[in-house]
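Q: quick one: sequence plus predicted model below, questions after.
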Amino acid sequence: MKKLLVILCLATVFVTLGGDLAAQCAMCKGSVQSTLTNGRSNYVSALNFGIAYLFVFPYAIVGIIGYMWYRNSKKAMLERIAVRARVQRAMGE
């Protein structure tokens, strides 16, 4: 659990501090460069926000599925332990 928490914290730090990175495709980069020469920097920040917005959701979906898998596997493990304890009590009596 600690390992998962550390990984989650590191991922959060990288995502929040990575806002200044301008990772764009070639078409977006060309559009941004032509817009910057015209003096409209608002479009650039909106484009970067849109890219970051699209970047977050696949990771959020994978995180939710991973959490659900972890929760269900933990619940199944507790049920197996309970059944094993009942069997041991029945065999011991």
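A: Looks like it came in fine. Numbers count the residues shown, from 1 in each chain.
Q: let me see the contact set for Val15.
A: With contacts defined as CB atoms under 8 Å, 6 or more residues apart in numbering, the neighbours of Val15 are 56, 59. The C-beta positions use only the backbone N, C-alpha and C, and glycine is treated the same way.
Q: is it in a helix, a strand, or coil?
A: Local secondary structure at Val15 is given as helix here, using DSSP: H, G, I helix; E, B strand; the rest coil.
Q: pLDDT value on it, please?
A: Here the pLDDT value assigned to Val15 is 73.
Q: change the start of the numbering to 818 and stick with it
A: With 818 as the first residue, the last one maps to Val832.
Q: for the protein, what helix or strand is lowest in average pLDDT?
A: Least confident helix or strand, the chain: helix 843-855 with a mean of 71, by mean pLDDT, DSSP states H and E.
Q: now for that one, which elements pack on it?
A: helix 858-909 (3 or more CB pairs under 8 Å, 6 or more residues apart in numbering; DSSP states H and E).
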